[in-house]
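Chemist: With the input below, show me the fold.
(one chain, ligands or ions: 1)
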Amino acid sequence: MLALQGDVREHRDALGLVGADTLEVRRPAEVAAVDALVVPGGESTTIDRLTRIFGVREPILKRMAAGMPVFGSCAGMIMLADQVLDGHRDQQSLGGLDITVRRNAFGRQVDSFECDLDVTGLASDPAYGMVQDQPFRAVFIRAPWVERVGPRVEVLATVAYQGQDHVVAVRQGNLLATSFHPEVSGDYRVHGLFVDMVAAHVGSIGSRPDHHHEG
Ligand code: GLN
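Modeler: Here you go, the predicted structure:
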């Protein structure tokens, strides 16, 4: 868990429930110690600023370039986007996902809302809370939406909002992002999907004799 700001506790609890060991990451040594990273919801401008102040921005970028899986929700999605619209003047993202997001996109009309979504590729293990063909209860809080997706980005979910469909969950390789907060609805299939991605990644690098660790 990147634990500089935001709803760290809720994600940690969710990750624990789907069988992951978690560590709060605030320093470069902690970036080096984890198999994967979750960037929580919160305030992307603050998270961005703190990654630089705490000296973890460059180490995270290095790990990402080597394939480390990262899941970002809400502000975390903004942090993973290559382009951010309606950001602060000096706001930077980590990037990695070939998407353009608009900050506070729904927030111009309403701050927060919930709805049922069909999300592609959710983990189906009953231990993750719900069976696969049930909709996912998505909670949006001053959420971004995705305005552009690159060719290698898989769209996992869209939401109909004021007569238009907006992309709200994406995956590109080892990067996963949701506009909504999957840590608060008592359904841990998104965390389950991410943990499965991490296990597959760790398995693949573990099987290469020259690469026990990409770090
Ligand atoms: N609006 C916030 C931002 O721009 C994100 C809100 C959230 O993470 N719940 O970072």
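
Chemist: what's the pLDDT at the residue nearest the centre of the chain?
Modeler: With distances taken as CA atoms, centre = their mean, the residue of the chain nearest its centroid is residue 72 (1.6 Å). Note for residue 72: predicted pLDDT of 98.

Chemist: hey, what's it bridged with?
Modeler: Counting by DSSP bridges, residue 72 forms beta bridges with residue 39, residue 177.

Chemist: surely it meets residue 39?
Modeler: Yes - using CB atoms under 8 Å, residue 72 makes contact with residue 39 at a distance of 4.1 Å. (Each C-beta comes from the backbone N, C-alpha and C, glycine too.)

Chemist: Common neighbours of the two, please.
Modeler: Between them, residue 72 and residue 39 share these contacting residues under CB atoms under 8 Å, 6 or more residues apart in numbering: 79-80.

Chemist: and the lengthiest helix in the chain, what does it pack onto?
Modeler: In the chain, with assignment by DSSP state H, the single longest helix is helix 189-206. Using 3 or more CB pairs under 8 Å, 6 or more residues apart in numbering; DSSP states H and E, the elements in contact with helix 189-206 are helix 8-17, strand 70-73, strand 175-178.

Chemist: would you turn the ones you listed into CSV with distance to residue 107?
Modeler: As requested, the helices and strands packed on helix 189-206 are exported to CSV (distance: least, CB to CB, whole Å):
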stretch, distance to residue 107
helix 8-17, 20
strand 70-73, 16
strand 175-178, 16
